[in-house]
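S.K.: Provide a 3D model corresponding to the input given below.
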Amino acid sequence: MSGGLRKAESMELKWASKDEEESSDELEASVGRSSLEEEEEDEEEGDSVHHRLVRTGPRVDSFDVEALEVPGYDGYEEFSLSRNFILALQTLGVVFGDVGTSPLYTFDIMFNKYPINQKEDVLGALSLVLYTLILIPLVKYILVVLWGNDDGEGGIFALYSLICRNAKASLLPNQLPSDTRISSFRLKVPSPELERSLKIKESLEASSFLKKMLLVLVLVGTSMVVADGVVTPAMSVMSAVNGFKVGISSVNEGEVVAITVGFLILLFSLQKFGTSKIGLLVGPALFLWFLCLGGIGIFNLINYGTEALRAFNPVYIYLLFKRSPSQAWMSLGGCLLCATGSEAMFADLCYFSVKSVQLTFIFLVLPCLLLGYIGQAAFLLENLSEYQQVFFLSIPTGAFWPVVTISLIASLIASRAMTTAIFSIIKQATALECFPRLKIVHTSRKFMGQIYIPVINWLLCASCLTFVLTFGSINEIGNAYGIAEVGVMIMTTILVTIIMLLIWQINILLVFLFITLFLGLELSFLSSVLFFSSDGSWVLLLFALVVFLVMFVWNYGSKLKYETEVKQKLSMDLLLNLGSNLGTIRAPGIGLLYNELVRGVPAIFGHFLTTLPAIHSTVIFVCVKYVPVPVVPQPERFLFRRVGPKNYHLFRCIARYGYKDVRKENHQAFEQLLIESLEKFVRREAQELLLESDHNDSDTDLDANSPSNSRFLVGPNGSLYSLSLPLLSSKNNNNNSNNLKYNLQFVEKPSSSLNIEEEFDQEGFNVERELEFIHRAKESGVIYLLGHGDIRARKDSWFVKKLVINYFYAFLRKNCRRGIATLSVPHTKLMQVAMTYMV
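M.R.: This next block holds a predicted model:
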């Protein structure tokens, strides 16, 4: 084998039902059998099917051979030293911006709930902050949650995708067995020794209620992240602008609000320039900010004494709650703010490796944060009455204005970190049919994960400005900030616990310790912040509810639409009875019919047959399908299968994309790649027929799981090769055509009088002639057939369903971005037909 091939085990473990061990899915049908016949037999398996762990040989996917044919393909990109340095600067500017600015406001919010009476109050508050920083950002996120990334992608939907990949937990029933053979799928199944993982997996797959609850948790967490994106810029920027009140006594609260609004408009206007351009500028600035935090902390320790270091003793937390339990409990909401940005660290992981983020946080970010808080506490111990604007009052006089300037820049960076995380999560949600499609702008040619979504950006901007103008004080905004943060943290804790049980297979005692410690801690924080929700936090909860309803309605409508299309797909017998001309005229050309079905012939195709005067000589059903992986390698993008007998010239193409993939192809490049893949499929189809006829001399299906001992070789990625016959190509097809089981003479006719019945007999087939047929069809033109399938609730449906489907979902679908827009297809190449399904 060549050195460029990726290594894989020769045997693998898989979850399989009894029927699955004996047959393959419809997309792996061989030449001798009609896909139309197989689709009727390939119904969805019931939830009651018992699964067990079996050891099998690698499942053969027809595109494995093509993946090996791409010269120089490598799924990993190696970065030079200079590139790694640039990524390190971007890591500071993107990942740690939010958590780095928490010293600006944490003590202000904590002591706003109650005044400081004695030094022990300061030591107790500092001890709370220190151990919150250690437990949540460090232990939970840096040491545990970051390892739950999905091939480098973080966030709530990355966790959900990871769960769906290891268990069929998605409510949208479009999963295929062939999806698990994508090289980036990297499925890790539970080991035979741990029956717990198997039971959890089977319970999750069999219970529709558990699937819905899992989705609700994900949508609630995502809605809180979006709400966090509204309050983070308001809180961070206004806290930094408050420094002007300390430095200039004449500045009042109204002027602070006006300056904050100006900076926020500037911030959201710069989002379109992307992470790469902005990250290089703000990375050094944030590095300087962390040095300022550490330097000011050391200065205050030297200037005011080291008594604050006693707060590392957790006994001061106990004494604080013992002395004044109600006041200590109220201060928990402000204490939580020291951990803000923890979820942004995970969501912004993107192309930064887990280890680099861990090392940067442990050796730079965390020490500087601890020094910053300890320095403020040292100042407070000597100035008990100065418990508002603590950070700015503790700055040395000579460094005041430089630090204020750097803090303002750092606050803008923190706001960008959260907004960037929201862009990434919205893109993941869109790919998994949990958010309407929106225009996504890719801001970097080098890093495809760096995106900008204009609609979301300006929605966040408008909401943030409204929030600032309505409340105008960090004390009121701070409580709303805490609600958004703790809501996301709770959802992440639950999802990571599921991953621990299902995928990581950690000892049950460790799992119990994890969920008890962190869920208990976060519920305590939640009880504190909810107590003050009447201060204005309810507005943020209302915003999060609206976002949740948008995602839930879109997912609900998409699920109903897909299920209805599956039920109403065309009868297989109907197409066979129509004959190869499909009951109409077959005009030269290729028609690409876009639909969402991964199996069967969509009902919209029948609408085209009855509406149009003719149909194209070659029709390809194109299904753009997102699979729960970040990236699908380009050589594994397309899956082709033939639909019906060969003289029908109907094909199915499933274009598979990961939720992190970029769809920026122009229509010419897409057409070229698709036709080339179709030609490869036709050649390989002939090869498989020849190999089968050599063994059986019959038209039986090729068993992909039972290769011959002497004629086949299983490649390192599970590919099937013949030891006696090379892949057919354009150079040797003529020489090998005599060896094919069926071979008929072909009489050349002008393309204008193309007659499928005369060119291709149903009893035989010539590979080279069909390739020529496809080539001439392509020269005649490629037309995109778009079926706009809408859904309406039946008249006998309950009122809420009518309201959701006929109004809310219809509004979202009407105003979302069409999937074909990503290909920039000219209107002259589009044919559209509308169809309404009653659900």
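S.K.: and the next element down the chain from the longest strand along the chain?
M.R.: Counting residues, the longest strand in the chain under DSSP state E turns out to be strand 614-627. Using DSSP states H and E, the helix or strand that follows strand 614-627 in sequence is strand 638-643.
S.K.: quick check: angle from the helix or strand that that next one is followed by to strand 638-643?
M.R.: Counting by DSSP H and E, the next helix or strand C-terminal to strand 638-643 is strand 650-658. Per axes from the mean of the first three to the mean of the last three Cα atoms, to 10 degrees, the angle that strand 650-658 makes with strand 638-643 is 160 degrees.
S.K.: Doesn't residue 352 lie inside a helix?
M.R.: No. Going by DSSP: H, G, I helix; E, B strand; the rest coil, the assignment for residue 352 is coil, not a helix.
S.K.: Tell me the helices and strands packed up against the helix or strand harbouring residue 217.
M.R.: Using DSSP H and E, residue 217 sits within helix 208-241. For helix 208-241, the elements it packs on are helix 156-166, helix 195-206, helix 253-270, helix 342-347, helix 400-431, helix 454-471, helix 474-499, helix 537-567, judged by 3 or more Cβ pairs under 8 Å, 6 or more residues apart in numbering; DSSP states H and E. The C-beta positions use only the backbone N, C-alpha and C, and glycine is treated the same way.
S.K.: residues making contact with the third one?
M.R.: Just to be clear, that refers to helix 253-270. The contact list for helix 253-270 (Cβ atoms under 8 Å, 6 or more residues apart in numbering) reads 233-234, 237-238, 241-242, 244-245, 278, 408, 412, 415-416, 419, 457-458, 460-461, 464-465, 468-469, 472-473.
S.K.: Out of the helices and strands in the protein, which is least certain?
M.R.: Using mean pLDDT, DSSP states H and E, helix 64-69 stands out as the lowest-scoring helix or strand of the chain, at a mean of 32.
S.K.: In terms of secondary structure, what does the helix or strand just after the helix holding residue 217 contact?
M.R.: Downstream of helix 208-241, the next assigned helix or strand under DSSP H and E is helix 243-247. On a contact count with 3+ Cβ pairs under 8 Å, 6+ apart, helix 243-247 meets helix 253-270, helix 390-393, helix 400-431.
S.K.: List the buried residues of helix 243-247.
M.R.: 243-246 (16 or more other Cβ atoms under 10 Å).
S.K.: Turn those into a markdown table, including distance to residue 643 and pLDDT.
M.R.: Compiled in a markdown table, these are given as follows (distance: Cβ to Cβ, whole Å; pLDDT from 0 to 100):
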| residue | distance to residue 643 | pLDDT |
| --- | --- | --- |
| 243 | 67 | 91 |
| 244 | 69 | 91 |
| 245 | 71 | 89 |
| 246 | 72 | 89 |
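S.K.: centre of the chain versus stretch 340-352, how much separation?
M.R.: Between the centre of stretch 340-352 and the centre of its chain there are 14 Å (Cα atoms, centre = their mean, to the nearest Å).
S.K.: Just the buried subset of the contacts of helix 253-270, please.
M.R.: 233-234, 237-238, 241-242, 244-245, 278, 408, 412, 415-416, 419, 457, 460-461, 464-465, 468, 472-473.
S.K.: how much space between the residue lying closest to residue 422 once chain neighbours are set aside and residue 478?
M.R.: In space, residue 422 comes closest to residue 229 once its chain neighbours are excluded; the distance is 4.4 Å by Cβ to Cβ, 6 or more residues apart in numbering. Using Cβ to Cβ, to the nearest Å, one obtains 16 Å as the distance from residue 229 to residue 478.
S.K.: Kindly report the same for residue 608.
M.R.: 58 Å.
S.K.: Give me the average confidence score over stretch 815-835.
M.R.: Confidence over stretch 815-835 (mean pLDDT, whole number) is 74.
S.K.: same check, this time on stretch 468-475
M.R.: In the prediction, stretch 468-475 has an average pLDDT of 85.
S.K.: Just the residues contacting it, thanks.
M.R.: So stretch 468-475 is contacted by 105, 108-109, 112, 234-235, 238-239, 242, 253-254, 257, 260-261, 264, 477, 536, 539 (Cβ under 8 Å, 6+ apart).
S.K.: quick one on the thing from earlier: give me the buried positions along the longest strand of the chain.
M.R.: Buried residues in strand 614-627 (16+ other Cβ under 10 Å): 615-627.
S.K.: again, but for stretch 528-547
M.R.: 528-530, 532, 535-537, 539-541, 543-544, 547.
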